[in-house]
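**Q** Have a look at this prediction, sequence included:
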Amino acid sequence: MEKSTLQFLKDLKANNNKEWFDINRKVYESAKKNFLDFTTEVIKKIEKFDKEIQGIDPKKTLFRINRDIRFSKDKSPYKTNMGASISKGGKLDMSAGYYFHLEPGGAFCAGGSYQPMPPQLTSIRQEIDYNFKEFKKIITSAAYKKYFNDLDVVEKLKTIPKGYSAENPAIEYLKHKSFIVSKTFTDKEVLSATFTDDITYSFKAVRPLISFLNNAMNGL
């Protein structure tokens, strides 16, 4: 990742308006190309251990920099980060997949299923309930623990989900409404020569969890 890409995002945060953006559009296009090139390289590496990603168009994994401000009190027109969601059906697909978020002082990668729809959520909970030993083995394996901790608490029920008991050994996982794990990176790590490999190793470590979640949803 180029230093100029992080600098552009820093400058955009300090000048989040259309006038400044238009003047610096060429700088944005250069940063966007750098991020796309990086994402393309990461996808090539993921394809080696996850065949479902083969043939993905890198351009279709990127999120637009324009913010949807229709229902937001914050009317800043642009995001001050760049993101790529890599899954077998593209960034809008409901499949579990890989995600990378680039932001000065706030870069991270993630893997899993973010806010699945009710039918998918039901299937994931059922799969964890039926195969809790397998699920637990995945998230306690040495390869996984080298890069990730337990599931991120994005949104979690305060009560017991319908159809399950409080005594269920998997109950704390069944309360989750997203099944995501993440790892943060410093700006120094992002700019290092090994960052493409570093993030790929993280994605490889979370691949078994992604496969588990997709197998659950594919059973619908």
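**A** Arrived safely, thanks for sending.
**Q** give me the element Gly83 is part of.
**A** Secondary-structure element containing Gly83, defined by DSSP states H and E: strand 82-86.
**Q** What of Ser123?
**A** helix 118-130.
**Q** Give the buried residues for that helix.
**A** Neighbour counts using 16 or more other CB atoms under 10 Å place Gln120, Leu121, Thr122, Ser123, Ile124, Arg125, Glu127, Ile128, Asp129 of helix 118-130 among the buried residues. C-betas here are computed from N, CA, C, even on glycine.
**Q** repeat for stretch 147-154
**A** Tyr147, Phe148, Leu151, Asp152.
**Q** Hmm, Lys136 and the third one touching each other?
**A** No - at 11.5 Å, Leu151 does not count as touching Lys136 under the criterion of CB atoms under 8 Å.
**Q** which other helices and strands contact the strand holding Gly83?
**A** Applying 3 or more CB pairs under 8 Å, 6 or more residues apart in numbering; DSSP states H and E, one finds that strand 82-86 makes contact with helix 25-46, strand 97-102.
**Q** Now with 10 Å, please.
**A** Packing partners of strand 82-86 (3 or more CB pairs under 10 Å, 6 or more residues apart in numbering; DSSP states H and E): helix 3-14, helix 25-46, strand 97-102, strand 107-113.
**Q** Just tell me which of these ends up closest to Thr80.
**A** Using CB to CB as the measure, helix 3-14 is the one of the helices and strands packed on strand 82-86 that comes nearest Thr80, at 4.2 Å.
**Q** Which element is encountered next along the chain beyond that closest one?
**A** Next along from helix 3-14, by DSSP H and E: helix 18-23.
**Q** chain center to that following helix: distance?
**A** Relative to the chain's own centre, helix 18-23 is displaced by 29 Å; criterion: CA atoms, centre = their mean, to the nearest Å.
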